[in-house]
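**Q** when you get a sec, could you give me coordinates for this:
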Amino acid sequence: MERFLAGLLLPSSLLALLFAASSLGLLTGRLRAARRLAVLAMHVLVALVLLPLDEWLLLPLENRFPPPVRYPPQVDGVIVLGNGPKGRMLRARGEPSIDEPGERFLALLELATRFPQARLLFTGGAGREDPQGTSEAAAARVLYERLGFPTERILFEDEARNTFENARNSLALARPRAGEVWLLVTSARDMPRAVGAFRALGFDVRPWPVDYLTEGQLRWWRPQLAFGRRLVRMDVAAYEWYALLWYRLLGRVPELLPGLEPAAAGKNGP
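**A** Reported below is the predicted structural model:
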């Protein structure tokens, strides 16, 4: 239900609803209301062309944790959240396709090479939309096998359907000890919610954000005629903000926008 409501409130959905309501007004003879809705929708389209609305929504998320600029001296474990290899594509076409968040998948290879003694955990189930489908963990296993990476080094968790379950199941499997250093790999825009979920469960992880969609600088004016991509990125950002609010209401994160804890700000940065 929460995914349905979030999808209904996405910018693209709201824009489509505006045009649909305007068309309905024309069909029912409510011309004044139809014109107002159409004008409002056109203003939104013009704003999408002229203003980087997607960056305004994404920047607070992606800038919340500093990007990794150097490797820690010690790493005991690496956790990679799913949403990279697609289980449904493996089932449908026999190919575990990787879409935009594929940097998570590559980051595990990088960190596994750099820290050969580190424990590796990939967590990702089939999702609520297709609970009986092929899990992301299964698709990831196939990808790593095809690349010749020894999959026996990786612990695959294939039941988590969301970020909270990623955190809960990872804690149960990793059983981190005091003083151990665990890196959490996920998209930069997802990192605040992911870190917050792990932190709420008592799992102290160090963020290793990847898959950036912005350049990190706030711009007030950036015309772009191909606004379709901008609208898609607005949907991605809006969904993450809705998810953060939902997690906060459920108590799954300690604050609305989790960040580095003041006492750990100096040591948690990579």
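**Q** what separation do you get for residue 203 and residue 197?
**A** The spacing between residue 203 and residue 197, counted by CB to CB, to the nearest Å, is 9 Å. Heads up, the C-betas are built off the backbone N, CA and C, glycines and all.
**Q** my bad, should have said residue 126
**A** If you measure residue 126 against residue 197 using CB to CB, the figure is 19 Å.
**Q** rewinding a little: shared neighbours of residue 203 and residue 197, which are they?
**A** With contacts taken as CB atoms under 8 Å, 6 or more residues apart in numbering, the residues that reach both residue 203 and residue 197 are residue 167.
**Q** which of these two has more neighbours?
**A** Set side by side, residue 203 and residue 197 give different neighbour counts by other CB atoms under 10 Å, the larger being at residue 197 (27 against 20).
**Q** so what touches the helix or strand where that one lies?
**A** Under DSSP states H and E, the secondary-structure element containing residue 197 is helix 191-200. Under the contact criterion CB under 8 Å, 6+ apart, helix 191-200 has outside partners 61, 64-65, 81, 163-164, 166-167, 170-171, 184, 186, 204-205, 207, 209, 240, 243-244, 247, 251-255, 257-259, 261.
**Q** low-confidence ranges in the stretch 1-150 of the chain?
**A** Of all residues in the stretch 1-150 of the chain, those with pLDDT under 70 make up the ranges 1-4, 84-101, 127-133.
**Q** how about a cut-off of 80?
**A** When residues are selected by pLDDT under 80, those of the stretch 1-150 of the chain lie in 1-7, 83-102, 126-134.
**Q** now do the same contact list for the residue nearest in space to the middle of the chain.
**A** The residue lying closest to the centre of the chain (CA atoms, centre = their mean) is residue 190, at 3.7 Å. With contacts defined as CB under 8 Å, 6+ apart, the neighbours of residue 190 are 61, 81, 83, 163, 240.
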